[in-house]
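# Whatever this is, show me its structure:
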Amino acid sequence: MRVRSQVRTALLASLLVAAIAGVEAPAGASPAWNIVASPNPKGSDNAGLNGLACPSETFCMAVGSAIAPGQNNPTTLTERWDGARWSLVASPSGGQNAGLTGVSCTNATNCTAVGSYSNGKAPHLSPLRTLIEHWNGRSWSIVASPNPAGPDPAGTDNYLSGVACTSTTFCVAVGNGNAAALIEQWDGRSWSIVASPNHNLGDYNLFGVSCTSASFCMAVGTSVRIWNGSRWSIANGATDADLSGVSCTSARDCIAVGNTPQSTLFQLPTSGLLEHWNGSRWSSVTLDDWELGGVSCTSASNCYAVGSTDPGTLVERWDGASWSLVASPNPDHADSTDLSGVSCASATRCFAVGGNFANIGRTRNGIGTTLIERGPAASSGPRPNQPIVGMGAGPLGGGYWLVASDGGIFTFGDAHFYGSAGTMASSTPIVGMTGTTPFGRATHWLVAADGTVFGFGNAQLVGVPGALGLQYPIIGIVRPQSGRHYLLAASDGETFGF
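Here you go, the predicted model:
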């Protein structure tokens, strides 16, 4: 059916331009990141995510802590990515004042998370104890973990900050125990404390660890340690700093990130720090007034480091030769935001987690909520050979498609690739596209200037204006709210509804 409308060409063109104007076509610069919807526990006043592991593009696990309204004691928080959305997953806390700070997954049915908890109720809480949990693909459960005894066992804090697993029979967790570096190892049956050297006063905190195999691990914190398969040793040469994260692709290639302390009594962090290990020595780069919390590398020439500036998020990319700043968004109405962990399943699929904080009035405490960002917004195909002419929204608002005039499709975020019109017969160029609503698989239509419509996935062809006496070229296609049909617009303002 044809519908006559007094749509002015200039107005329709401006709408199409506005839809595309906010999106850059693939270019040489590092692609930007985008915010992804992340849940918060019902009624939570303060929630944040600290660690993240993505063994594949369709499975990630994020961990952190949350505080219920009117409560002083946090509980553990875990969230799962299923390839389409993030959802809350129940996790035990073990006691009061509990939180998870690190997680490692070898696959979707084997994850290990670490943190700490205490007993009692605030303000009469006992010292912190190590907390280790295991995910079997269905649920989280607490696994027994040792705590080193100090001169005063009743008053010694023990906690774990990071974990790395290479298989179901080898994991390493790091943290602090009895005012000394704490390293624990999993052998497939139980966790045990592994001897670790402590050589300088103050060098007793370990925050992150990365293992490429059971014979090589790198642990970082206020000092750096290397595992050679049989023992841990101090790795000298790293800049005096607090290193919070590390990612290794081999025994000869590791990236560590953190902060350089200010030379004052309080050792306040003043600069972000990026360090590279080449198998024998460290080299470093500092970033003024920036703080870095996590790093993930998929190869020696592709790493992403995340953290915060004042007051926003920070993402940096390593291309094998140098670091470059990558655009990253900040939530609206947030007074401060921070990214503390990142994990890349591939060179083009990464997630970063953290939190944002908003002050409320002058007499009330602020509210902290989880923050998850995804990037890079990389194309699933080559760079466009022709200009980008259209854009379609992805199924859940976390991605989009771009189409070039030759029919080439470029996907970003959660918009999957279902094909392109580049190899299909069309006597005129593609001029627009639109996505369907998520009935089954969310897919898309393309339209050419002569009115030819191409459907992909479950986007069914429901009509073309060729038999209706098309007098002016088609310049765009839109999807009405129903999502099952489409409207075409010609350059003279006439529209065709199908």
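# any chance you could map the strands in the stretch 251-400 of the chain?
Taking DSSP state E, counting those that start in this stretch as the test, the strands found in the stretch 251-400 of the chain are 253-261, 269-277, 282-288, 291-299, 302-308, 313-318, 323-326, 336-346, 349-360, 364-375, 388-393, 399-404.
# Distance from the shortest one to the middle of the chain?
Put plainly, it is strand 323-326. 16 Å (CA atoms, centre = their mean, to the nearest Å).
# To what extent is residue 103 buried, counted in neighbours?
Close neighbours of residue 103, defined as other CB atoms under 10 Å, add up to 29. Glycine gets a C-beta too; all of them are placed from N, C-alpha and C.
# thinking again about what came up before, which of the strands of the stretch 251-400 of the chain is buried the deepest?
strand 302-308 (a mean of 26; mean count of other CB atoms under 10 Å).
# How about the secondary structure of residue 53?
Here residue 53 is strand, with the state taken from DSSP: H, G, I helix; E, B strand; the rest coil.
# wait, it sits on residue 78?
No: using CB atoms under 8 Å, residue 53 makes no contact with residue 78, being 11.0 Å away.
# shared neighbours, these two?
Residues within reach of residue 53 and of residue 78 at once, by CB atoms under 8 Å, 6 or more residues apart in numbering, are residue 61.
# Would you indicate which residues of stretch 67-76 are buried?
Buried residues in stretch 67-76, counted by 16 or more other CB atoms under 10 Å: 67-68, 71, 73-76.
# Can you spell out which residues form a bridge with residue 369?
Going by DSSP bridges, residue 369 is paired in beta bridges with residue 356.
# Endpoint to endpoint, stretch 478-498 covers what distance?
11 Å (CA to CA, to the nearest Å).
# contacting residues around the residue positioned nearest the centre of the chain?
Central residue of the chain (CA atoms, centre = their mean): residue 351, 1.4 Å from the mean position. Applying CB under 8 Å, 6+ apart to residue 351 gives the contacts 36, 52, 54, 60, 62, 81, 342-343, 372-374.
# Who has more neighbours out of residue 53 and residue 78?
Between residue 53 and residue 78, residue 53 has the larger neighbour count (other CB under 10 Å), namely 26 against 22.
# confidence score at that one?
For residue 53, the pLDDT comes out at 98.
# which one is it nearest to, not counting chain neighbours?
Excluding the flanking residues, the one nearest residue 53 by CB to CB, 6 or more residues apart in numbering is residue 105, at 4.1 Å.
# quick one: terminal-to-terminal distance for stretch 143-163?
14 Å.
# With stretch 102-117 instead?
14 Å.
# same deal with stretch 254-273?
14 Å.
# burial count for the residue nearest to residue 53?
21.
# which stretch of helix or strand covers it?
Using DSSP states H and E, the element containing residue 105 is strand 96-107.
# from the middle of its chain, how far away would that strand be?
Distance, centroid of strand 96-107 to centroid of chain: 16 Å (CA atoms, centre = their mean).
# Who are the packing partners of it?
On a contact count with 3 or more CB pairs under 8 Å, 6 or more residues apart in numbering; DSSP states H and E, strand 96-107 meets strand 46-56, strand 59-67, strand 75-81, strand 110-118, strand 129-135, strand 158-167.
# Specify the stretch among these that is closest to residue 337.
Among the helices and strands packed on strand 96-107, the nearest to residue 337 by CB to CB is strand 46-56 (10.5 Å).
# which residues touch the nearest residue to residue 330 once chain neighbours are set aside?
Once flanking residues are discounted, residue 330 sits nearest to residue 312: 4.4 Å by CB to CB, 6+ apart. Residue 312 is in contact with 328, 330, 337, counting by CB under 8 Å, 6+ apart.
# would you list those residues in CSV and tack on distance to residue 221?
Listed next are these as CSV, based on distance: CB to CB, whole Å:
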residue, distance to residue 221
328, 26
330, 28
337, 24
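# Throw those into JSON lines and include distance to residue 427 and pLDDT, thanks.
Compiled in JSON lines, these are given as follows (distance: CB to CB, whole Å; pLDDT from 0 to 100):
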{"residue": "328", "distance to residue 427": "43", "pLDDT": "84"}
{"residue": "330", "distance to residue 427": "46", "pLDDT": "80"}
{"residue": "337", "distance to residue 427": "50", "pLDDT": "86"}
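# which among those residues gets closest to residue 157?
residue 337 (28.5 Å).
# can you pull the contacts of that closest one?
Residue 337 touches 308, 311-313, 330-331, 354-357, 371, counting by CB under 8 Å, 6+ apart.
# Residue 232 reaches residue 197, doesn't it?
Yes: with contact defined as CB under 8 Å, residue 232 counts as touching residue 197 (6.6 Å).
# Identify the residue spatially nearest to residue 65, adjacent ones excluded.
residue 99 (3.4 Å).
# Surely that neighbour is in contact with residue 67?
No: here residue 99 lies out of contact with residue 67, judged by CB under 8 Å, at a distance of 9.8 Å.
# Find the residues that touch each one of the two.
74-75.
# coming back round to it: tell me the confidence at the residue nearest to residue 330?
On pLDDT, residue 312 comes in at 82.
# again, but for residue 470
For residue 470, the predicted pLDDT is 75.
# okay, now the closest residue to it other than its chain neighbours: neighbour count?
Spatial nearest neighbour of residue 470, chain neighbours left out: residue 451 (5.3 Å); criterion: CB to CB, 6+ apart. When neighbours are defined as other CB under 10 Å, residue 451 has 21 of them.
# Let me know the helix or strand that residue 451 is in.
Element membership for residue 451 (DSSP H and E) is empty, with no helix or strand holding it.
# Just the pLDDT at it, thanks.
82.
# quick one: it from residue 476, how far?
For residue 451, the distance to residue 476 equals 12 Å [CB to CB, to the nearest Å].
# anything in contact with each of these two?
residue 488.
# Next, count neighbours for residue 157.
Residue 157: 18 neighbours (other CB under 10 Å).
# pretty sure it is touching residue 176, no?
Yes: with contacts counted by CB under 8 Å, residue 157 reaches residue 176, the gap being 7.2 Å.
# Can you give me every residue that contacts residue 163?
Residue 163 neighbours (CB under 8 Å, 6+ apart): 102-104, 112-114, 132, 171-174, 209.
# Which residues does residue 316 form beta bridges with?
On the basis of DSSP bridges, residue 316 takes part in beta bridges with residue 305, residue 325.
# Oops, could you answer that again for residue 338 instead?
Going by DSSP bridges, residue 338 forms beta bridges with residue 355.
# Quick check: it vs residue 246, distance?
Per CB to CB, residue 338 is found 19 Å from residue 246.
# Figure out which of the strands of the stretch 251-400 of the chain is closest to residue 446.
Here strand 399-404 is closest among these (CB to CB), at 5.8 Å.
# quick one, which of residue 232 and residue 197 is more surrounded?
A count of neighbours by other CB under 10 Å puts residue 232 above the other of residue 232 and residue 197, at 19 against 13.
# What count of nearby residues applies to residue 309?
That count, for residue 309 with other CB under 10 Å as the rule, works out to 18.
# Could you do residue 492 as well?
12.
# The one 4 residues further on too?
A total of 22 residues lie near residue 496 under the criterion other CB under 10 Å.
# Just confirm it contacts residue 488, I think it does.
Yes: between residue 496 and residue 488 there is a contact under CB under 8 Å: 4.5 Å.
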